[in-house]
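Novice: Got a predicted structure plus its sequence, pasted below:
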Amino acid sequence: PADPAGWLMATARRRAIDAIRRRAALRDRYATLAADAPAVVDEVDPDRIDDDVLALMFVSCHPVLSPESRVALTLRVVAGLSSAEIARAFLVPVPTVQARITRGKKTIAAAGVPFELPSAAERRERLGGVLSVLYVIFTEGATATAGDRLVRPEVAYEAIRLARTLAALQPDEPEVHGLLALCELTAARFPARTAPDGTPVLLEDQDRRRWDVPAIHRGLAALAKAAPRGLGPYGLQAAIAAVHASAPSAGETDWDWIVVLYEALGRVAPSPVVELNRAVAVAMASGPGAALRIVDELVASDRLPGSHLVPTVRGELLSRLGRAGEARAELELAARLCGNEQERSVLLRKAAALD
């Protein structure tokens, strides 16, 4: 055009007027549609599970299965743990776990169980199984049962992520918050649990300044949500972890209170592992003699066959009692039974130091 600037201004003005008219007409049409349309209620399922992994856990933890088969099958199929890892978590032989998984698959096939997400009411029945699965996944991440790493943080943090999702989905279930508290408080110690070369650092030797303070706060907040309706097995374990997390130093740990909590846990969820942990607490609170009697009762009843945990604790107690030869034999036995390379190296070093 002869006057480019004038042409551009006129074109722009016309375009602007057209855009304004179109927007005004569109608003009028929307208003007309809204006036004529019937009221629509947007139905939202408050119990919907948006996380695929968590949803699969609820599907797999079907009540048609026994509790043992339910957890074993879910851990294997959904969580991806090996039969050996599941066996070590439950302190049973690998063939036992494999048999549970096989029975579970056959039971589901025979019953014609549909592969669908259960209703909100049915999920409450399956919640215990899902919590057991998350607990085992986190435990495997916190202390690997085999391999050359003490901690598998990616496994533990996935369990924490799922526990957080579950706590948001089931805010009125105290044990959900108890499990979340246990996971958060335990994971808070991860940064100080290993040296730069991956070797384990015992609790009493850890630099507590490296503990994850925000994780401790999240764990204590979750424990506070679990406490009003009474603490169950996960909540009591979280309370024990909270005692450690709240102690300024190892020497200031309230071991007497930890003993009381383990006694309560033993009444709510009795197991040989709980008894063994109680023995450790008793040793710290009252001395190794009383603790050794508890461990010897476990040995006599053969309640933890094939586990490296019993000879580990027994070796430590015998060492504190000055019975070096017996302690060395127990620690060497524990090293032979231990599947984790890092734990095994610590046990062998302790045994060698008793020569």
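Specialist: That came through, no problem. Numbers count the residues shown, from 1 in each chain.
Novice: Looks like residue 333 contacts residue 311 (just checking).
Specialist: Yes. Applying Cβ atoms under 8 Å, one finds residue 333 in contact with residue 311, separated by 4.4 Å. Backbone N, C-alpha and C define where each C-beta goes, glycine included.
Novice: Would you mind telling me which of the two has the busier surroundings?
Specialist: With neighbours defined as other Cβ atoms under 10 Å, residue 333 and residue 311 compare such that residue 311 has more, 25 against 18.
Novice: Can you tell me the closest non-neighbouring residue to that one?
Specialist: Using Cβ to Cβ, 6 or more residues apart in numbering and skipping the chain neighbours, the partner closest in space to residue 311 is residue 334 (3.9 Å).
Novice: Relative to residue 235, how far out is the residue nearest to the spatial centre of the chain?
Specialist: Nearest to the mean C-alpha position of the chain, by Cα atoms, centre = their mean, lies residue 138 at 3.2 Å. Per Cβ to Cβ, to the nearest Å, residue 138 is found 15 Å from residue 235.
Novice: again with residue 332
Specialist: Distance from residue 332 to residue 235, counting by Cβ to Cβ: 37 Å.
Novice: Which one of the two is surrounded by more residues?
Specialist: Shown here are residue 332 and residue 235; by other Cβ under 10 Å, residue 235 has more neighbours (26 against 18).
Novice: Now find how far off-centre the helix or strand hosting the more buried one is within its chain.
Specialist: Taking DSSP states H and E as the definition, residue 235 sits inside helix 233-246. Chain-centre distance of helix 233-246: 13 Å, with Cα atoms, centre = their mean, to the nearest Å.
Novice: buried sites along that helix?
Specialist: Buried residues in helix 233-246, defined by neighbour count with 16 or more other Cβ atoms under 10 Å: 233-245.
Novice: Now the two most distant members of those.
Specialist: For the buried residues of helix 233-246, the maximum inter-member distance is 18.7 Å, found between 233 and 245 (Cβ to Cβ).
Novice: the longest helix in this protein is where?
Specialist: helix 4-36 (DSSP state H).
Novice: Please enumerate residues in contact with the next helix or strand after that helix?
Specialist: Moving toward the C-terminus from helix 4-36, the next helix or strand (DSSP H and E) is helix 52-60. Helix 52-60 is contacted from outside by 49, 70, 73-74, 77-79, 115-118, 123, 126, 129-130, 133-134, 162, 165-166, 169, using Cβ atoms under 8 Å, 6 or more residues apart in numbering.
Novice: Kindly report the same for stretch 302-309.
Specialist: 91, 93, 272-273, 275-276, 298, 310, 333-339, 343, 347.
Novice: repeat that with 7 Å
Specialist: Under the contact criterion Cβ atoms under 7 Å, 6 or more residues apart in numbering, stretch 302-309 has outside partners 91, 272, 276, 298, 310, 334, 337-338.
Novice: okay, now the residue nearest to residue 311: neighbour count?
Specialist: Count around residue 334 with other Cβ under 10 Å applied: 26.
Novice: which ones are touching residue 237?
Specialist: 182, 265.
Novice: What of residue 218?
Specialist: For residue 218, the contacting residues are residue 184, by Cβ under 7 Å, 6+ apart.
Novice: ok, it to residue 160 distance?
Specialist: From residue 218 to residue 160 the distance is 9 Å (Cβ to Cβ).
Novice: intersection of neighbour lists for the two?
Specialist: residue 184.
Novice: what does the model give residue 78 for pLDDT?
Specialist: If you check residue 78, the pLDDT there is 80.
Novice: An error on my part: the question was meant for residue 7.
Specialist: 78.
Novice: these two touch, right, it and residue 1?
Specialist: Yes. Between residue 7 and residue 1 there is a contact at 4.1 Å, judged by Cβ atoms under 7 Å.
Novice: contacting residues around the residue nearest to residue 311?
Specialist: So residue 334 contacts 308, 311-312, 315, 347 (Cβ under 7 Å, 6+ apart).
Novice: Model confidence for it, exactly?
Specialist: 95.
Novice: swap in the one 4 residues further on?
Specialist: Confidence at residue 338, expressed as pLDDT, is 92.
Novice: before we move on, what about residue 47?
Specialist: Residue 47 is given a pLDDT of 59.
Novice: now residue 141
Specialist: For residue 141, pLDDT reads 91.
Novice: Does it lie in a helix or a strand, and which?
Specialist: Using DSSP H and E, residue 141 maps to helix 120-142.
Novice: how many degrees apart are the following helix or strand past that helix and helix 233-246 in direction?
Specialist: Of the helices and strands lying after helix 120-142 in sequence (DSSP H and E), the nearest is helix 153-169. Orientation note: helix 153-169 sits at an angle of 120 degrees relative to helix 233-246 (axes from the mean of the first three to the mean of the last three Cα atoms, to 10 degrees).
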